[in-house]
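Trainee: this one's sequence-less:
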C-alpha cells in the first residue's frame, strides 16, 4: 500500500515523553503530579499519553497524604476499566502500587442493579479504598444516594470527561455539580477531546474556573516517543461499495483496526455480518475459529501466513474475543481487528499501526480517538497511519478539497491541543441598540455586532450568560442531536425543527431554564446559526447524503481564519481519487501553533512595541520564553504577544519575498 498521506508528521524520537523520572513518571504524568494538591483538576492530554497512570499517582498521594479516604474512577464503558487494573508502580520508583479489590471493579461484570448496590456498599465500607465503575453506574448509583456528603473525603475521577456532557448523560453532569457544591470531594477530570464545540457543557463558567488545568499536546507526546517517528492521515474516496475498494486500502502486513460503517449509514450494506465475512475474504482464506478464544484464523493469499483476526462485530462469542484482547502480551498475539462501535475510545492495543475507518464519521472526537489507537509508542512500528475510506461526494473536486483542508486544519489543531473557533459575531436586538435605557455598551457602529429587528432582549442574567458564553456549545449540541439531524436529512418542516426539536435540546442542556428563557435562547441560537449558515440544509440542497463529508468540515470547527493550506494534489484511487497534502513536519506544526496563538489576543502594534522590551527582559531573567499555560496572567500575555510579533514578522517577510 502506498503510504502517501493527506497529513504526514515526522517526529524527532527523543524518547522524552516515554522516559521516566525517579518516581517512574513520564513527562505528562509528572506535570499532573505537580498539581496533585488541587481539589479540582482538569487534565487535557491525547490518547496513549498515560492519563490513567497519571491518575494513579495522584490518587495514591491523596490517599496517603491529603486526607482522602476513597477513590472512585468512572470510565465511559466497561472495556476501558482495564486501563485501571492493578499496576506495579513501586518497581519504577513510586512509593506504592495501584491495587484494586476485584469486588469493587464494577467494570469486570455484574448487572446494573448489583453494581449500584456494590457502589453504595463501597461508600459505607471504611476499609474499601478504590472503586472502578462506568459513567452509567455512577449516574444510577448517585440516584440512590440521598446525601451528597457521602462523597466527603472522596476523590472522584472521571475519565473521558467530555462524555459527561452528552445529552443523555445530563443527570451525571448535575450529579457532578451537586457533589462539587455539597461535599468536600476532590475531582479529577481527564479528557482527550480538545474542542468544546464537539462536546456539550455541563458546568457553569464559575465551576469550570475552579479547576486547575494541565494541558499536554499530541505533538509534545509524539515528538518525545522512542520508536514512532511519523504519523499520517489519508482520505480515500471510492465509487460503488466500499467492499469493492477495500483491497486497495487494506494492508495485511500492518497491525490493523478496521472500523466498518454504522448499519444506518449510506456506506453500509445493511448486513454487518456479511460485511465481516467479505472483509475476511479480502484478507485471505478463512481457516477456522478458535473455540476457546473466538479468534478467526485467516490464511493470507500472498504467502500463506496465518493471520489472527478478532471479530468484534458479531455478538455471538464476542465475550471470548474481548477476554483474549484483554490478555494479549505481544505483537504476535493478533494481526487485525474488525469492529463497529468498539475498539475506539480507551482501547489499548499498543502494537496497532494502521486504522482503516470506513464511512463518514460525524464526530471529530471519534476521529481523534481512533487515531489515538495507533499512535501509541511501540517497538514494532516507526509509522502510524489513519485512513478514512469515504464514498465519493457528488460535488466538484475543489469543494471536496476545501472540506478536506478544513478538516485537516481541525485535526492539526487537535495535535496541538487547541480549540479553534472562528471569532463570534455578537447578536443584539434592534431595540437594545437604539434604547439608551437598555444599558447596551456596544456602539452601534461596532462591525462585530449585528442588530436584528424583533430579536428579544434577554430578560434574565442566566439567558445573557448562555448567549454570551455558551452559544457555541449549544449550537454544537443542536447540530449533533440525532433527531435534529434526522429532521434535516428528511427535510422536515422548518417550524418543527426550530420550535419543537431545538427547544428540546436547549431544555436538555439547561434544565433550569423557564419556558420564556428557553424561547429567548432559541431565538438567539437560530439567528446565529442562520447568519453563519451553519444549518445543515444549506449544504444538502442538491445532493442529500452525498455532502455529508462537506458538512463534517463545517460542523465541528471553523478554521477559515487560519491561513493554512495543506492540500497538494488529487490522485487516482479505485474509480475515484484520494486527496494528498503537503507534509507537515515539526517546524510546520510550530508555525501553525504560532498562527493560532497570534489570533488569541488582540494587540495593537503600539502595544506590541511597548511589550517587546518587557518580553526580552522576561526571557533574560527566566532563561526561557514566556509560557501561555502559566498561572501568571502577565506571563500569558507576554506569550501571546510574542506569538503575534513572530506571526507579523513572518507575514511581512513573506510579502517582501524573504
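Mentor: Happy to help now that I have it. Treat the numbers as computed from the prediction; the structure is a model and nothing was measured. Residues are numbered from 1 along each chain as shown.
Trainee: Quick check: end-to-end length of stretch 257-272?
Mentor: 16 Å (CA to CA, to the nearest Å).
Trainee: Give me the buried positions along it.
Mentor: Neighbour-count burial for stretch 257-272 flags 257, 258, 259, 260, 261, 262, 265, 267, 268, 272 (criterion: 16 or more other CB atoms under 10 Å). The C-beta positions use only the backbone N, C-alpha and C, and glycine is treated the same way.
Trainee: same deal with stretch 55-70?
Mentor: For stretch 55-70, by 16+ other CB under 10 Å, it's 55, 56, 57, 58, 59, 60, 61, 62, 63, 68, 70.
Trainee: Tell me how far it lies from the chain's centre.
Mentor: Chain-centre distance of stretch 55-70: 27 Å, with CA atoms, centre = their mean, to the nearest Å.
Trainee: Also stretch 326-346?
Mentor: 20 Å.
Trainee: got the buried residues for that stretch?
Mentor: Neighbour-count burial for stretch 326-346, with 16+ other CB under 10 Å as criterion, is recorded at 328, 331, 333-340, 342-346.
Trainee: Same check on stretch 597-609?
Mentor: Using 16+ other CB under 10 Å as the test for burial, stretch 597-609 gives 597, 598, 599, 603.
Trainee: would you turn those into CSV with pLDDT, secondary structure and distance to residue 655?
Mentor: Converted to CSV, those look like this (pLDDT from 0 to 100; DSSP: H, G, I helix; E, B strand; the rest coil; distance: CB to CB, whole Å):
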residue, pLDDT, secondary structure, distance to residue 655
597, 75, helix, 21
598, 76, helix, 16
599, 72, coil, 18
603, 82, coil, 20
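Trainee: would you list those in CSV and tack on distance to residue 87?
Mentor: Putting the buried residues of stretch 597-609 into CSV (distance: CB to CB, whole Å) gives the following:
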residue, distance to residue 87
597, 36
598, 42
599, 41
603, 47
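Trainee: Relative to residue 625, which of the residues you listed is nearest.
Mentor: residue 597 (11.7 Å; CB to CB).
Trainee: tell me the contacts of the closest one?
Mentor: Residues near residue 597 by CB atoms under 8 Å, 6 or more residues apart in numbering: 628, 639, 640, 643, 644, 647.
Trainee: how would you label the first one: helix, strand or coil?
Mentor: When states are read from DSSP: H, G, I helix; E, B strand; the rest coil, the local structure at residue 628 comes out as coil.
Trainee: check which helix or strand covers the nearest residue to it once chain neighbours are set aside.
Mentor: Once flanking residues are discounted, residue 628 sits nearest to residue 639: 3.9 Å by CB to CB, 6 or more residues apart in numbering. Using DSSP states H and E, residue 639 sits in helix 633-655.
Trainee: roughly how far out does that helix sit from the chain middle?
Mentor: Taking CA atoms, centre = their mean, one finds helix 633-655 lying 28 Å from the centre of the chain it belongs to.
Trainee: Quick one: list the elements packing against that helix.
Mentor: Under the contact criterion of 3 or more CB pairs under 8 Å, 6 or more residues apart in numbering; DSSP states H and E, helix 633-655 touches helix 586-598, helix 605-622.
Trainee: Flag every buried residue along that helix.
Mentor: Within helix 633-655, the residues scored as buried using 16+ other CB under 10 Å are 635-647.
Trainee: Pick the one among those closest to residue 78.
Mentor: In terms of CB to CB, no member of these lies closer to residue 78 than residue 636, at 40.3 Å.
Trainee: correct me, but the closest one touches residue 628?
Mentor: Yes - taking contacts as CB atoms under 8 Å, residue 636 lies within contact range of residue 628: 5.5 Å.
Trainee: picking that back up, now for the buried residues of stretch 55-70, which pair is the farthest apart?
Mentor: Counting by CB to CB, the most remote pair of the buried residues of stretch 55-70 is 57 and 70, 17.0 Å apart.
Trainee: in the stretch 351-500 of the chain, which spans are helices?
Mentor: All helices of the stretch 351-500 of the chain, identified by DSSP state H, counting those that start in this stretch, fall at 364-374, 397-415, 430-434, 461-469, 471-480, 482-489, 494-496.
Trainee: actually the stretch 201-350 of the chain, not the one I wrote
Mentor: 205-208, 218-223, 242-249, 272-283, 318-326.
Trainee: Export these to TSV and append columns for distance to residue 615.
Mentor: TSV is the format used below for these (distance: least, CB to CB, whole Å):
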stretch	distance to residue 615
helix 205-208	29
helix 218-223	23
helix 242-249	49
helix 272-283	56
helix 318-326	51
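Trainee: Would you mind finding the most buried of those helices?
Mentor: The highest mean neighbour count among the helices of the stretch 201-350 of the chain, using mean count of other CB atoms under 10 Å, belongs to helix 218-223: a mean of 24.
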